[in-house]
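Student: the following comprises the amino acid sequence and a computationally predicted model.
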Amino acid sequence: MTRKIIHIDMDAFFASVEQRDNPELRGKAIAIGGQPEKRGVVATASYEARKFGIKSAMPMATAVKLCPDLMIVRPRISYYREISEQIREIFSRFTQYIEPLSIDEAYLDVSKSEDFQGSATLLAQHILQTIHEETQLTASAGVSYCKFLAKYASNINKPNGVFTITPAQALEIIGKIPVEKFHGIGPATQKKLNQMGIFTGKDLRHSDLRELQKRLGKSANFFHDLANGKDNREIRIDRIRKSIGNETTFSKDISDYQQLWQQLEILLEQSWQSLMKKNLFASTITIKIKYHDFTLRTKSYTQSSPIISLASASIITESLLKQQTLTKPVRLIGITFSHLSSKYRTPIQLRLFD
Ligand code: TTP
Ligand code: MG
């Protein structure tokens with residue numbers, strides 16, 4: 001099956017965040033980074049500043065020479081991380097196969113998505129639109145059947161654009177890519193390739209593999225495959241969501257069991273819907289109760305196989321609540337599903353005594 005990979009990269013990330021939060025910086029040449037007199041460097045620059053030739057990793061002193069009106073803004077890294085998390089949460093609504101590459105970019109494998117009748121391009125547009133609505137920031141996306149081309153494509157219509165490379169277009173496009181733009185080809189490898197008369201993807205594709213192996217060793221096959229449009233690298237999910245849940249604090253403390261169960265049942269259904277939307281099943285349910293004096297009680301139940309229906313989840317949750325002796329009025333109740341597994345990857349074992 002042909003995979004569908006989306007690569008998403010925020011536009012001028014740190015700079016766009018600062019321009020969003022401070023109207024005085026909008027439309028201006030700004031650079032995020034350290035002071036020029038302290039040998040600071042440019043982390044990133046707004047698109048307005050890039051027109052002057054200002055780039056990431058350039059000494060700030062050079063940047064100021066290129067653009068004397070440049071406004072320098074100190075980076076707020078932990079704040080950018082929070083926004084990065086917010087964007088990742090948006091991704092997680094569409095797929096659980098997410099591989100973050102850096103603070104502002106990620107690969108998404110949407111092969112199994114049925115959104116937009118399976119059109120990854122429309123889905124990518126929708127994700128960019130959602131990011132914009134919720135963060136007022138823009139991003140760009142590349143869509144293709146492999147990581148290499150998805151990442152290459154996300155730069156083509158940057159900023160605020162999508163570009164798709166279909167399998168049929170791949171070889172022609174790869175043929176024109178300079179070798180130094182290939183994944184993993186740095187200045188040293190570029191030099192070796194150029195010495196062999198290899199400058200583009202097309203040259204690389206038609207190069208002699210034996211000769212290439214002699215010069216580059218093991219990586220020769222990988223680069224030769226890329227030039228032939230073959231890239232089977234999978235999305236590496238390195239941070240699977242560990243739990244999904246909901247909680248609510250009451251405006252007035254509750255002492256009545258029936259009333260509590262009603263509240264918990266609403267939270268249960270909301271959380272169940274989130275699980276289903278993310279195509280996940282859970283094996284563990286935990287309920288949490290905070291009493292009016294802020295003492296906290298949690299109770300969990302773990303089933304040996306995933307809980308596959310709302311009805312079973314409801315029975316488990318209700319029995320967890322019944323095990324609590326309600327000695328004091330309750331101010332907060334919550335539920336979490338954990339030990340998550342993919343709905344698609346879970347072999348559903350029907351057990352006789354479940
Ligand atoms: P990039 O995605 O490389 O750059 P960008 O988002 O600013 O611009 P573009 O529209 O071209 O994608 O990097 C993301 C953020 O990482 C960037 O906003 C700042 C930070 N960064 C550094 O701190 N140092 C660097 O050398 C680079 C390249 C990025
Ligand atoms: Mg970026």
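Tutor: Received it, and whenever you're ready, just let me know what you need. Ligands and ions are numbered 1, 2, ... in the order given.
Student: neighbours of the residue of the stretch 51-200 of the chain found nearest ligand 1, how many?
Tutor: Closest contact between the stretch 51-200 of the chain and ligand 1, by C-beta to the nearest ligand atom, is at residue 56 (3.6 Å). Any C-beta I mention is one placed from the backbone N, CA and C, and that applies to glycine too. The number of residues packed near residue 56 is 15, by other C-beta atoms under 10 Å.
Student: quickly find the element holding it.
Tutor: Using DSSP states H and E, no element contains residue 56; it sits outside every helix and strand.
Student: list the contacts for it?
Tutor: 42, 43, 44, 45 (C-beta atoms under 8 Å, 6 or more residues apart in numbering).
Student: let's go with 10 Å and repeat that
Tutor: Contact analysis of residue 56 by C-beta atoms under 10 Å, 6 or more residues apart in numbering lists 12, 14, 31, 32, 33, 41, 42, 43, 44, 45, 50.
Student: what of residue 37?
Tutor: So residue 37 contacts 60, 61, 64 (C-beta under 10 Å, 6+ apart).
Student: buried ones only from those residues, please, as a PyMOL command.
Tutor: Buried members of the contacts of residue 37, defined by 16 or more other C-beta atoms under 10 Å, are picked up in PyMOL with:
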select buried, resi 60+64
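Student: for residue 242, give me its contacts.
Tutor: Residue 242 neighbours (C-beta under 10 Å, 6+ apart): 336, 338, 339, 340.
Student: any idea which of the residues you listed is least confident?
Tutor: On pLDDT alone, residue 339 ranks lowest of these, at 84.
Student: not counting sequence-adjacent ones, nearest residue to it?
Tutor: What sits nearest to residue 339 in space, not counting adjacent residues and going by C-beta to C-beta, 6 or more residues apart in numbering, is residue 283, at 3.9 Å.
Student: so the one you found sits against residue 275, correct?
Tutor: No - in this structure residue 283 lies outside contact range of residue 275 using C-beta atoms under 10 Å: 11.6 Å.
Student: mutual contacts of those two, please.
Tutor: 307, 337, 340.
Student: make sure I have this right: the second one is in a strand.
Tutor: Yes - Residue 337 sits within a strand when classified using DSSP: H, G, I helix; E, B strand; the rest coil.
Student: hey, what's the nearest residue to it once chain neighbours are set aside bridged with?
Tutor: The shortest distance from residue 337 to any non-neighbouring residue, by C-beta to C-beta, 6+ apart, is to residue 282 (3.5 Å). Beta-bridge partners for residue 282, by DSSP bridges, are residue 307, residue 340.
Student: ok, now the one 4 residues further on?
Tutor: Listed beta-bridge partners, residue 286: residue 300, residue 336 (assigned using DSSP bridges).
Student: picking up where we left off before, got the phi and psi for the residue of the stretch 51-200 of the chain closest to ligand 1?
Tutor: The phi/psi pair for residue 56 (degrees, to the nearest 10) reads phi -60, psi 150.
Student: cool, residue 128 as well?
Tutor: According to degrees, to the nearest 10, residue 128 has phi -60, psi -40.
Student: if the closest residue to it other than its chain neighbours is in a bridge, with which residues?
Tutor: Closest residue to residue 128 apart from its sequence neighbours, by C-beta to C-beta, 6+ apart: residue 139 at 5.4 Å. Note on residue 139: beta-bridge partners by DSSP bridges are residue 10.
Student: quick one, strands of this structure?
Tutor: 5-10, 30-33, 42-45, 71-73, 98-102, 105-109, 139-144, 162-164, 243-254, 280-291, 296-307, 330-342 (DSSP state E).
Student: what is the mean pLDDT for the fifth one?
Tutor: For strand 98-102, the per-residue pLDDT values average out at 90.
Student: what helices and strands are in contact with it?
Tutor: The contact analysis (3 or more C-beta pairs under 10 Å, 6 or more residues apart in numbering; DSSP states H and E) places strand 98-102 against strand 5-10, helix 77-92, strand 105-109, helix 147-154.
Student: thanks a lot, see you next time.
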